[in-house]
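# Predicted coordinates and the sequence they were generated for:
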Amino acid sequence: MASLPLLPDSESRPKLVGIARIAAAGESLREGHNVEYFTLGTRSLLNRVVSRRNLPFTWAINPYRGCEFACKYCYARYTHEFMELRDGIEFEQKIFVKQHAADWLRQELRKVKPREEIAIGTATDPYQPAERRFEVTRGILQELVRHAGLEIGIVTKSNLITRDVELLRRVAENNRLFVNLTVTTVNTELARKLEPRASRPDLRLETVRQLNLAGVDAGVICAPVLPEITDAPRDLEALVKAASEAGAKYIFANPLFLKPCSAAVFLPFLEEHFPALVDNYRKRYESRAFLPKGYAQRLSQMMMRLRQKYGIGGVHGSRSRRAHGNVGAVQQFSLF
């Protein structure tokens with residue numbers, strides 16, 4: 001098995017340290033449709049969250065590095081830069097599989113204090129296609145079953161999570177568990193453009209239904225909300241209505257968070273599919289990754305009205321749901 005070539009000329013290659021050195025030593029596991037999987041040796045799975053944005057979850061678990069779903073707006077592309085992989089497209093083409101994850105987690109969980117929340121899937125989807133073969137996330141759940149008193153949230157765009165419904169139910173017996181299905185739009189054609197390899201929106205909503213019927217609390221995150229693409233009132237109402245009909249415990253939304261590494265992929269996507277919006281987006285995100293607070297406030301007010309109309313919960317009463325609502329922001333009437 002070949003090692004991952006980071007640079008073609010070893011003499012011009014800078015000395016790699018930390019995660020970049022570990023990634024460079026990874027072995028190729030297999031290749032798929034323009035995707036290659038590599039091993040990633042690690043001595044830690046549970047990572048303390050350090051952020052100036054005061055995120056409400058304390059710990060993060062990411063079973064993989066990179067994500068094959070190829071969401072055009074993905075804020076997590078920067079994580080590959082730590083491995084000296086600086087082309088944003090490599091985030092979706094080079095997927096690193098963390099080895100011995102459950103073993104490390106078993107040792108690390110003793111660090112978690114009461115009411116400290118664990119977020120699974122903050123920078124990668126734990127149920128992306130790699131999980132079908134490598135089952136790293138499944139191994140993590142098998143370890144979590146052995147523990148009690150934890151607060152756990154999972155974020156995914158994949159209906160593959162239903163494979164583990166029995167494990168999730170067992171985790172929820174002795175821990176506080178919420179599963180969050182991200183749905184940006186119920187428009188299948190638009191979703192395919194925005195999130196080329198993720199499960200269809202209807203499959204994600206059906207997953208919400210199945211999980212709740214199985215006794216696993218599940219809701220919907222509408223994130224990111226894309227100005228002038230997915231933020232029309234009729235479109236948001238269609239999503240809230242569909243989430244309510246699917247039995248979602250809650251739904252909430254966060255606006256687009258666009259880091260420079262993400263903009264390098266997202267703006268060319270706009271030029272191809274929404275050329276009339278390019279100048280506006282460039283202006284809005286030229287000097288910052290966040291939209292003005294007024295946009296988020298208007299979005300929040302609209303979602304509150306829609307939740308009331310369709311009898312679905314928001315984020316109140318659950319710190320875990322609030323935490324995972326901030327993952328993407330970590331997120332008439334044109335709201336823009």
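Received the coordinates, thanks. Numbers count the residues shown, from 1 in each chain.

# From Phe134, how far out is Tyr127?
Relative to Phe134, Tyr127 is positioned 11 Å away (CB to CB, to the nearest Å). Any C-beta I mention is one placed from the backbone N, CA and C, and that applies to glycine too.

# So for the two, which sits in the more crowded spot?
More neighbours surround Tyr127 than the other of Tyr127 and Phe134, with 29 against 20 (other CB atoms under 10 Å).

# what are the ranges of the helices in the stretch 151-300 of the chain?
Using DSSP state H, counting those that start in this stretch, the helices of the stretch 151-300 of the chain run over residues 165-174, 188-194, 201-213, 233-245, 260-273, 278-285, 293-310.

# What of the stretch 1-150 of the chain?
18-24, 90-93, 101-108, 130-134, 136-144.

# ok so, going back, could you dump the helices of the stretch 151-300 of the chain to CSV with distance to Arg48, mean neighbour count and mean pLDDT?
As requested, the helices of the stretch 151-300 of the chain are arranged in CSV below (distance: least, CB to CB, whole Å; neighbours: other CB atoms under 10 Å; pLDDT from 0 to 100):
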stretch, distance to Arg48, mean neighbour count, mean pLDDT
helix 165-174, 21, 17, 98
helix 188-194, 31, 15, 98
helix 201-213, 28, 20, 98
helix 233-245, 32, 18, 98
helix 260-273, 23, 17, 95
helix 278-285, 29, 15, 95
helix 293-310, 27, 16, 96
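
# Mind checking those helices for the one nearest to Leu144?
Closest approach to Leu144 among the helices of the stretch 151-300 of the chain (CB to CB): helix 165-174, 4.9 Å.

# on contacts alone, who are the packing partners of the closest one?
helix 136-144, strand 176-182, helix 201-213 (3 or more CB pairs under 8 Å, 6 or more residues apart in numbering; DSSP states H and E).

# Go again with 10 Å.
helix 136-144, strand 151-156, strand 176-182, helix 201-213 (3 or more CB pairs under 10 Å, 6 or more residues apart in numbering; DSSP states H and E).

# Name the residues contacting each of Tyr127 and Phe134.
Pro63, Tyr64 (CB atoms under 10 Å, 6 or more residues apart in numbering).

# how near is the closest residue in space to Arg48 that isn't next to it in sequence to Glu151?
Excluding the flanking residues, the one nearest Arg48 by CB to CB, 6 or more residues apart in numbering is Trp59, at 6.1 Å. Here Trp59 is placed at a distance of 10 Å from Glu151 (CB to CB).

# overlap in contacts of those two?
Contacts common to Trp59 and Glu151, judged by CB under 10 Å, 6+ apart, are Val112, Glu116, Glu117, Ile118, Ala119.

# of these, buried ones?
The neighbour-count criterion (16 or more other CB atoms under 10 Å) marks Val112, Glu117, Ile118, Ala119 among these as buried.

# Out of the helices of the stretch 151-300 of the chain, flag the one nearest Phe82.
Nearest to Phe82, of all the helices of the stretch 151-300 of the chain, is helix 260-273, at 11.4 Å by CB to CB.
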